[in-house]
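> How does the following fold in three dimensions:
(chains A and B)
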Amino acid sequence: GNSVTQMEGPVTLSEEAFLTINCTYTATGYPSLFWYVQYPGEGLQLLLKATKADDKGSNKGFEATYRKETTSFHLEKGSVQVSDSAVYFCALVRMDSNYQLIWGAGTKLIIKP
Amino acid sequence: DGGITQSPKYLFRKEGQNVTLSCEQNLNHDAMYWYRQDPGQGLRLIYYSQIVNDFQKGDIAEGYSVSREKKESFPLTVTSAQKNPTAFYLCASSRQGNYGYTFGSGTRLTVV
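As a prediction, the model looks like this:
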């Protein structure tokens, strides 16, 4: 079946540190992959996406590369800011079911000044 | 600007009451979804609808009901049968294809 596994949080870093949030998936076929971000008390916003193997999605300094060989889509940022503190969700689209999203459990990121 | 609007932002319910959460979108999206989020938890799917006048149960539909009479609207009713309704409720919509979802800003429901 389809599933997404994210690293457990919270992840706590100091400002300007390098960030990696791991995401691995199982899926039939070659789904598109997404990262969403949720700031406190708000809905989710699309952060970036990749639609095929070796694609790199990027936005606001965040990047993630679709790795078919390792079934991974890890989120990275070179230098985090306090304003990046949020919950990050990895998701894949079910190509066999009207493009519904399958969600990871979310990873809370805390950035300390 | 196109978007998806949830109202109210905060809602208080007494024990035994039904309440309805509003979700409206002007994105011309075919599909709409309702999720529940508990503190520190991920998203759990309550109901979804791919087209007008049709909807399907998600993973935790018990104690909830929906309608989809218009493409733009997908209200969620939390009934008295839902034993633990205090949570953050998120509505989302999507168009056909590989585009992901657009989310509303959520409704926080509290039982008092």
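
> I'd like to know how far the residue of chain A found nearest chain B sits from A:Tyr88.
Proximity to chain B, evaluated over chain A using CB to the nearest CB, is greatest for A:Gly43 at 3.7 Å. For the C-beta atoms, the positions are set from N, CA and C on the backbone; glycine is no exception. Per CB to CB, to the nearest Å, A:Gly43 is found 14 Å from A:Tyr88.

> neighbour-wise, which of these two wins?
Shown here are A:Gly43 and A:Tyr88; by other CB atoms under 10 Å in any protein chain shown, A:Tyr88 has more neighbours (25 against 21).

> you'd agree the more buried one is up against A:Ile110?
No. Using CB atoms under 8 Å, A:Tyr88 is not in contact with A:Ile110, being 11.6 Å away.

> So in terms of bridging, what pairs with residue 20?
Looking at chain A here, since you left the chain open. For A:Thr20, the beta-bridge partners are A:Glu76 (DSSP bridges).

> was after chain B, sorry
The partner residues for B:Thr20, given DSSP bridges, come to B:Thr77.

> so it touches B:Leu76, yeah?
Yes. Counting by CB under 8 Å, B:Thr20 touches B:Leu76, with 6.9 Å between them.

> Have a look at the two and say which one is more surrounded.
Taking neighbours as other CB under 10 Å, B:Thr20 and B:Leu76 compare with B:Leu76 leading, 22 against 13.

> what's the spacing between that one and A:Gln81?
Relative to A:Gln81, B:Leu76 is positioned 35 Å away (CB to CB).

> Contact partners for A:Ile110?
Listed by CB atoms under 8 Å, 6 or more residues apart in numbering or on different chains, the contact set of A:Ile110 reads A:10-13, A:85.
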